[in-house]
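Asks: Kindly return the folded structure for what I paste below:
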Amino acid sequence: MRIIAELPHPQCKISIFSMNQKFIVKFEQGPYEQSYKISELDLTGGGVNEVFQIIDEEFIETVIERFKTMRTDFIVAYQKQQ
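Replies: Sure, this is the predicted structure:
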């Protein structure tokens, strides 16, 4: 797996990897991460530039909201064990 791009964003780290004819888009925020796999065969030939179009600001906002849900879920689960 090799990293082919990083997108700057103030609320999370966004990395794009290439592996086995797939692009893997990884979002990281603190101890949490989300990843999305996109087959190169599902794209129309635009390569990584097409991936950039898919992960627009609207999509990134939903990812950030999911991070908030992940954090809340973890806190609740952790507090049950205390």
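Asks: Kindly list the single helix or strand of the protein that scores lowest on mean pLDDT.
Replies: None of the helices or strands of the chain scores lower by mean pLDDT, DSSP states H and E than helix 48-54, at a mean of 93.
Asks: Residues touching the helix or strand following that helix, excluding its own?
Replies: Sequence order places helix 57-80 as the next helix or strand after helix 48-54, per DSSP states H and E. The contact list for helix 57-80, computed with C-beta atoms under 8 Å, 6 or more residues apart in numbering, reads 9, 11-12, 14, 27, 29-30, 32, 34. The C-beta positions use only the backbone N, C-alpha and C, and glycine is treated the same way.
Asks: try 6 Å this time
Replies: In this structure, residues lying in contact with helix 57-80 by C-beta atoms under 6 Å, 6 or more residues apart in numbering are 11, 27, 29, 32, 34.
Asks: For ChimeraX, write the selection for the buried entries among the residues you listed.
Replies: Provided next is the ChimeraX selection string for whichever of the contacts of helix 57-80 are buried by 16 or more other C-beta atoms under 10 Å:
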select :27,29
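Asks: In strands, which of the contacts of helix 57-80 fall?
Replies: Using DSSP state E, the subset of the contacts of helix 57-80 located in strands is 27, 29, 32, 34.
Asks: Name all residues that make contact with the residue lying closest to the last one once chain neighbours are set aside.
Replies: Residue nearest to Q34 in three dimensions, not counting chain neighbours: F27, with 4.7 Å by C-beta to C-beta, 6 or more residues apart in numbering. For F27, the contacting residues are 12, 14, 34, 63, taking C-beta under 6 Å, 6+ apart as the criterion.
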